[in-house]
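Novice: Build the 3D model from these lines:
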Amino acid sequence: MTLQEIARRSNVSIATVSRIINRIPTVNRALSRRVQKVIEREGYYPNTQARALVSGRSRLFGLIAELTDPGFPDIVQTFGKLAIQHNYGILLSPMIEDPVCWSRRLGR
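Specialist: Residues are numbered from 1 along each chain as shown. Here you go, the predicted model:
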């Protein structure tokens, strides 16, 4: 399901669908409800990768952690709660103590 298809099925413009999805308050309420019904009925959800490409923002937090640290579960739990509160996803990577690996990542 695409924005174009939602617009076609709602009989509105793509720009209107975009404003409704992005919660722009100036959209007519009745129109917004009509589009929201189509979105819900069709199970539409925005493509996060496409949004990241357009906006230049991924809405992801990255966490590099030492998995053997006894405090690791608490850190991930807290991190996860913060991510959800701010509508972010999480990328989790184990800490690798390989100097060659890190020098490549840092461009050295």
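
Novice: Am I right that L31 sits in a helix?
Specialist: Yes. Under DSSP: H, G, I helix; E, B strand; the rest coil, L31 falls within a helix.

Novice: any chance you could map the helices in this protein?
Specialist: Ranges of helices in the chain, per DSSP state H, are 3-10, 14-21, 29-42, 48-55, 72-85, 99-105.

Novice: okay, those helices in CSV with distance to A65 next?
Specialist: The C-beta positions use only the backbone N, C-alpha and C, and glycine is treated the same way. Shown next, in CSV, are the helices of the chain (distance: least, CB to CB, whole Å):
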stretch, distance to A65
helix 3-10, 37
helix 14-21, 34
helix 29-42, 37
helix 48-55, 23
helix 72-85, 6
helix 99-105, 15
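
Novice: Now tabulate the ones you listed in CSV and tack on distance to L91 and mean pLDDT.
Specialist: Compiled in CSV, the helices of the chain are given as follows (distance: least, CB to CB, whole Å; pLDDT from 0 to 100):
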stretch, distance to L91, mean pLDDT
helix 3-10, 26, 94
helix 14-21, 24, 93
helix 29-42, 27, 94
helix 48-55, 12, 76
helix 72-85, 10, 89
helix 99-105, 14, 60
